[in-house]
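Asks: Sharing a model prediction with you, sequence too.
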Amino acid sequence: MKKNYIFSLLAVLFLWLVWIISYFIVKNDYILPSFWDTFAAVGKNLIDGAFWVAFGKTLLRTFLAFLFSVLLGVVLALLALSVKWLRAFLAPVISVLRTIPTMAVILILLLWTSPSVAPVIVSVLVLLPAVYAAALASLEEIDAEYSELVKAFQVKRKRKIFKLYLPLAAPPLLKQFGAIFSMGLKITVSGEVLSSTYQSIGGMMQSAQMFVQLPQLIALTVITVFIGFTLEILCRLLYKLTVRRWRT
């Protein structure tokens, strides 16, 4: 485990060196700003109240999209496990959601909804297939292992779902939820950029791009990456605590 952390740190140092070397090769702040200018822009954002308002609203949109995707994805996976024809019906729907262009969806949603709502909806459309696939795979493993036992003891469906399937499926799902949440943040921010969402990280990125504030643009990108990385770590810790408690 310690070796993994060391290699991760080395990867960060490598990227930092690539940035510095590239800056001195390019020598053009309008193409690639210096690390220190970007670091200063990060610091300015962290002490700016407007940034925290934008950050809070972006994180709220991401959380709402993630929560709705998890609830809908798990429910659909449970239904697909029990009703075979529904699983066959959902298969092409999920495939379409996986392949549909995000930009096209946002442009269509902007005609029907507001710039603050469109990023949430498009994030749900992207996250739902991932949650559904992960939930269905976990539930299928549990069903294959315990189906005979459930039939032998004639366990009722409600008890089977809430006392067996969901508790056993929770740990492997939590392990994947960090990456899914992080992806949701990326999709939400992208939707905010395309939607010109007011008071959002994506909106701030678009404003920085319009006024050619490259250090600010990259600083916001770095902050977003750091937030996504932090969310993944928190989900991993929650997974480890859940597994440890479940085993004890």
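Replies: Perfect, I can see it now.
Asks: after the helix or strand of the chain with the lowest mean pLDDT comes which helix or strand?
Replies: Scoring the helices and strands of the chain by mean pLDDT, DSSP states H and E places helix 157-160 at the bottom, with a mean of 76. Sequence order places helix 166-195 as the next helix or strand after helix 157-160, per DSSP states H and E.
Asks: what ranges do the helices span in the chain?
Replies: Counting by DSSP state H, the chain has helices at residues 2-26, 35-46, 49-82, 84-99, 102-112, 118-152, 157-160, 166-195, 201-210, 214-247.
Asks: Please enumerate residues in contact with the fourth one?
Replies: By Cβ atoms under 8 Å, 6 or more residues apart in numbering, the surrounding residues in contact with helix 84-99 are 76, 79, 80, 81, 125, 126, 128, 129, 132, 133. Every C-beta, even on glycine, is put in place using the N, C-alpha and C of the backbone.
Asks: Buried ones among those residues?
Replies: For the contacts of helix 84-99, a burial check counting by 16 or more other Cβ atoms under 10 Å picks out 76, 80, 81, 125, 126, 128, 129, 132.
Asks: farthest residue from the center of the chain?
Replies: No residue in the chain sits farther from the centre than residue 152, which is 40.0 Å out by Cα atoms, centre = their mean.
Asks: From residue 78, how far off is it?
Replies: For residue 152, the distance to residue 78 equals 21 Å [Cβ to Cβ, to the nearest Å].
Asks: ok so, going back, buried residues in the least confident helix or strand of the chain?
Replies: Buried residues in helix 157-160, counting neighbours by 16+ other Cβ under 10 Å, are found at residue 160.
Asks: Now that helix - C-alpha only, PDB.
Replies: Below are the C-alpha coordinates for helix 157-160, written out as PDB (Å, rounded to 0.1, in the frame of the first residue of the first chain):
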ATOM      1  CA  ARG A 157     -39.100 -10.800  -1.900                       C
ATOM      2  CA  LYS A 158     -39.100  -7.700   0.400                       C
ATOM      3  CA  ARG A 159     -36.900  -9.400   3.000                       C
ATOM      4  CA  LYS A 160     -34.600 -10.800   0.300                       C
END
